[in-house]
Each structure stands twice: as C-alpha cells, then as structure tokens.
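Undergrad: only the shape, not the letters, is given here:
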C-alpha cells in the first residue's frame, strides 16, 4: 500500500500535462543557467565565448548537462560578442526557449523563427 501511495504522490501521472510542461521548462532553464554561468566564466578567462559547448568540459563543467524535454540537446550559437543557448520543449521544435546573452533573459521562440534559425545554423549540437 505504501509503494502505491508513494507512486501516486511522486509520479508525473497525477499532474496535468500543462503543469508538467511548465515544471520541466523551468527545470531546463535552471540547467541552462548553469551552462550560461560556465560560458560567462569562460568568456571572462579567455576574452571570447567558446566556439562549442564541449570547450567548457572539464575546466568549467564536468559534463554538458542534458535537459528533460524534446531533443534533450542544447543548441549553442556564438557570434563575436554574444551567444544564444536554446532548448526545444518538444521534439518537433515548438515551443523552444532561448537565452540571449545581450538581454540576459530566457524567452520563447515561435516556430517560424526557430525553423529559420535551424536551417541557417545547421543541426542540433551538444
């Protein structure tokens, strides 16, 4: 009886889908913030942003953490003095959430913007 009650209390099945997505989205943003801090530390030490996330390992992160939604991969795009870190909440790409280093904020991307960005910048990377 205890195990059945514990399963009911801690499983995802008793949480409505939209609340579950909101919880997982916030969890992904929290994980993303860990990566953003590592990127900023790298930038402080090297006066440039890393070309790829794997450059953060092992000096800034033990490993690149995965998130729990969609592709479970991060899309990282670096330009000269800025970067964008994105995760997709669903495998088909909508919605996606991005951190923009210029604004210092996470925001949701519409599907059309994401498709354009995807085709301009290539495939998803870790």
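TA: Done, it's in. The structure displayed is predicted, hence computed values, not measured ones.
Undergrad: toward the C-terminus, what is the element adjacent to the helix or strand bottoming out on mean pLDDT in the chain?
TA: Least confident helix or strand, the chain: helix 2-10 with a mean of 44, by mean pLDDT, DSSP states H and E. Counting by DSSP states H and E, the next helix or strand C-terminal to helix 2-10 is helix 17-46.
Undergrad: buried residues in that next one?
TA: Neighbour counts over helix 17-46 (16 or more other Cβ atoms under 10 Å) mark 24-25, 28, 31-32, 35-36, 38-39, 42-43 as buried. For every residue, glycine as well, the C-beta is placed using N, CA and C.
Undergrad: give me the lowest-pLDDT entry from the residues you listed.
TA: Ranked by pLDDT, the buried residues of helix 17-46 bottom out at residue 24 (74).
Undergrad: that residue contacts residue 72, correct?
TA: No: if you go by Cβ atoms under 8 Å, residue 24 and residue 72 don't touch, sitting 11.0 Å apart.
Undergrad: low-confidence ranges, this protein, go.
TA: Along the chain, the model assigns pLDDT under 70 to residues 1-21, 69-71, 89-94, 110-126.
Undergrad: scan it for its longest strand.
TA: The longest strand of the chain (DSSP state E) is strand 82-88.
Undergrad: who's in contact with residue 97?
TA: For residue 97, the contact set (Cβ atoms under 8 Å, 6 or more residues apart in numbering) comprises 25, 28-29, 32, 86-87, 89, 106-109.
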